[in-house]
Every structure is written in C-alpha cells, then in structure tokens.
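heads up, no residue letters with this:
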C-alpha cells in the first residue's frame, strides 16, 4: 500500500547547488507514517540517491 504526502524540502545537489521541491510524494510499503524529519530525509534521500544529510525537510503532511 502506498501513502501520499505533501512535501516541501531542499536537496543539496552538489555542484549545481540546492534545489527546492514542493509537491506530492508517494511512499510505498510504509508500515507507519513517518513524522521524524530525520526519517523523512532518509526516505527521500534513498529515492533521490542522495545522503540524508543533503536533504532538509521544510514541511511534511499526509494527504487524505
């Protein structure tokens, strides 16, 4: 089962600089809804092939 979230975060893309994303993110296979910004950054980083330290979560809420 996938869960949709409204997300706003900044990703440090290295030489191209930071990039801000605002929109809907869909996570599949979530047992629990993540609320910890570090856990959210880890999930986003995994999908974007970045390190969690390169993601700064600004806003995160579940879409009902």
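Cool, the structure landed. Worth saying up front: this structure is predicted, and the values here are computed from it rather than measured.

what helix or strand does residue 40 sit in?
Per DSSP states H and E, residue 40 falls inside helix 37-48.

what's that helix in contact with?
Outside helix 37-48, the residues within contact range by C-beta atoms under 8 Å, 6 or more residues apart in numbering are 7, 9, 11, 25, 27, 34, 50-57, 60. Using the backbone N, CA and C atoms, a C-beta is placed for each residue, glycine as well.

rerun at 6 Å
For helix 37-48, the external contacting residues (C-beta atoms under 6 Å, 6 or more residues apart in numbering) are 34, 51-52, 55, 57, 60.

With stretch 7-17 instead?
18-22, 25, 54-60.

Now do the buried residues in it.
Across stretch 7-17, burial judged by 16 or more other C-beta atoms under 10 Å covers 7, 9, 11.

now the second one, nearest residue through space, not along the chain?
Using C-beta to C-beta, 6 or more residues apart in numbering and skipping the chain neighbours, the partner closest in space to residue 9 is residue 57 (4.8 Å).

did I read that right, that neighbour in a strand?
Yes - according to DSSP: H, G, I helix; E, B strand; the rest coil, residue 57 belongs to a strand.

That one - how many residues pack around it?
As a burial measure, residue 57 scores 18 neighbours (other C-beta atoms under 10 Å).

still on that earlier bit, which of the contacts of stretch 7-17 count as buried?
25, 54-55, 57, 60.

want to throw those residues into a markdown table with distance to residue 39 and pLDDT?
Formatted as a markdown table, those follow (distance: C-beta to C-beta, whole Å; pLDDT from 0 to 100):
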| residue | distance to residue 39 | pLDDT |
| --- | --- | --- |
| 25 | 13 | 88 |
| 54 | 15 | 93 |
| 55 | 11 | 93 |
| 57 | 10 | 94 |
| 60 | 10 | 91 |
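
Might you report the residue contacts of residue 21?
Contacts of residue 21 by C-beta under 6 Å, 6+ apart are residue 9.

Tell me the secondary structure of it, please.
Strictly by three-state DSSP, residue 21 counts as strand.
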